[in-house]
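*Asks:* 3D model of this:
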Amino acid sequence: MPSLKFSPQSTPLQRRVIALGGLLALACAATGAQAQATKYPEKMIRITVPNPAGGTSDILARLLAKELGDAFKQPVVVENKAGGNSQIGASFVAKSAPDGYNLLLLDMSNLTIGPSVMPLNYDPMKDLAPISIPAYSPHLLVVRSDLPAKNLDELAAFAKKSGKPLSFGTTLASISQLAGIQLAESKGFEFNVIGYKGGAQAMADLAGGQIDSAMASVLATNTLVQAGKIKAIAVTSAKPFSATPGVPTVASQIPDFVTGSWQGLLAPAGTPPAILDKLAAEIQRIVQRPEVRAKLIELGSEPTTMSRQQISDWMKTETSRWGALVKKYDIKPS
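*Replies:* Residues are numbered from 1 along each chain as shown. Sure, this is the predicted structure:
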């Protein structure tokens with residue numbers, strides 16, 4: 001509540017009137033915000049995806065856009081603004097009007113690792129307000145199909161015996177790169193990092209035997225695993241993951257080792273909390289519907305139930321976590 005300033009000459013009655021006026025102003029503001037949320041949305045909503053069409057974020061955004069449009073009886077469109085390691089689209093939304101009509105959907109790692117590897121013209125923690133993380137897909141550590149290892153221990157033993165670092169394909173300055181380096185260090189061996197502009201080419205080279213290993217989302221890897229073209233060694237979810245039955249978790253050997261693609265929906269900071277809450281509630285309703293949940297699992301993801309406050313706290317923790325590893329391993333932007 002804003003501070004109230006009284007003149008030394010004001011009487012007790014005048015002070016009470018001023019105080020009541022301040023309380024009334026706050027009540028009117030709260031009522032106005034609630035009325036705004038009740039009417040929301042009154043026009044088209046735009047979801048910006050800072051990646052090309054066809055990727056994980058784009059697929060999820062289009063799924064949510066259809067469901068939100070049906071629920072709100074207003075058009076919800078998806079616009080791709082790719083480039084700058086997702087920062088062009090993210091910056092666009094961060095600088096948009098905070099009215100609930102410009103939203104951002106992306107892999108949250110772009111926000112939690114971004115400040116540590118490149119200069120940004122916005123602050124993810126201050127300029128964006130989290131709404132929901134509708135889907136999470138862990139990483140899979142995968143190897144070429146003929147590599148003689150079925151789990152982390154066997155992979156570590158093979159790497160130590162081979163006498164040279166295993167090649168590891170990854171997008172540079174990404175969480176998968178940091179996670180791979182940290183995992184190998186924890187198990188006492190070393191990866192030779194091979195940089196790629198995207199996960200698809202790394203998976204193609206792995207399937208062709210040009211590299212030994214890689215780490216990418218379940219969505220990017222699971223089709224090749226199921227076809228027998230590459231082999232899954234471990235999954236980075238906290239517990240066994242529904243889309244990868246029988247694949248052990250990294251966390252079962254390295255405590256608290258959890259990574260992955262957390263697909264987050266955000267709005268510009270300053271968007272009325274009542275609108276953010278309305279969007280968050282609708283997203284939760286959508287992702288818990290059996291047919292939508294089944295589609296997410298088909299895509300190699302699972303819905304999450306994190307609250308807006310939990311997401312904010314998680315972003316702070318993740319930014320600190322990955323920032324420390326960027327510094328430790330001297331990671332440079334791609």
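*Asks:* domains in the protein, as residue ranges please.
*Replies:* What automatic domain parsing lists as the domains of the chain is 1-27, 43-137+261-328, 139-252.
*Asks:* where does this structure dip in pLDDT?
*Replies:* 1-10, 12-15, 17-19, 21-22, 25-36, 334 (pLDDT under 70).
*Asks:* against residue 164, how distant is the residue nearest to the spatial centre of it?
*Replies:* What sits nearest the mean C-alpha location of the chain, by CA atoms, centre = their mean, is residue 108, with 2.4 Å. According to CB to CB, to the nearest Å, residue 108 stands 35 Å off from residue 164. Just so you know, the C-beta spots here come from the backbone N, C-alpha and C atoms, and that holds for glycine as well.
*Asks:* same question, residue 222
*Replies:* Between residue 222 and residue 164 the distance, using CB to CB, works out to 29 Å.
*Asks:* and these two? Which one has more around it.
*Replies:* In terms of neighbours (other CB atoms under 10 Å), residue 222 is the more surrounded of residue 222 and residue 164; the figures are 23 against 8.
*Asks:* who touches the more buried one in this structure?
*Replies:* Listed by CB atoms under 8 Å, 6 or more residues apart in numbering, the contact set of residue 222 reads 140, 232, 243, 244, 300.
*Asks:* element containing it?
*Replies:* Assigned by DSSP states H and E, residue 222 belongs to helix 218-226.
*Asks:* also residue 105?
*Replies:* In this assignment (DSSP H and E), residue 105 forms part of strand 102-107.
*Asks:* packing partners of that strand?
*Replies:* Helices and strands touching strand 102-107, by 3 or more CB pairs under 8 Å, 6 or more residues apart in numbering; DSSP states H and E, are strand 45-49, helix 56-72, helix 87-94, strand 261-268.
*Asks:* out of those, the one nearest residue 149 is which?
*Replies:* For residue 149, the closest of the helices and strands packed on strand 102-107 is strand 261-268, at 24.4 Å, according to CB to CB.
*Asks:* name the surrounding residues that touch the helix or strand following that closest one.
*Replies:* Note on strand 261-268: by DSSP H and E, the next helix or strand toward the C-terminus is helix 273-287. Helix 273-287 is contacted by residues 33-34, 36-37, 40, 64, 67-68, 71-72, 99-100, 103, 129, 131-132, 134-135, 265, 267, 292-293, 296, 303, 305, 307-308 when judged by CB under 8 Å, 6+ apart.
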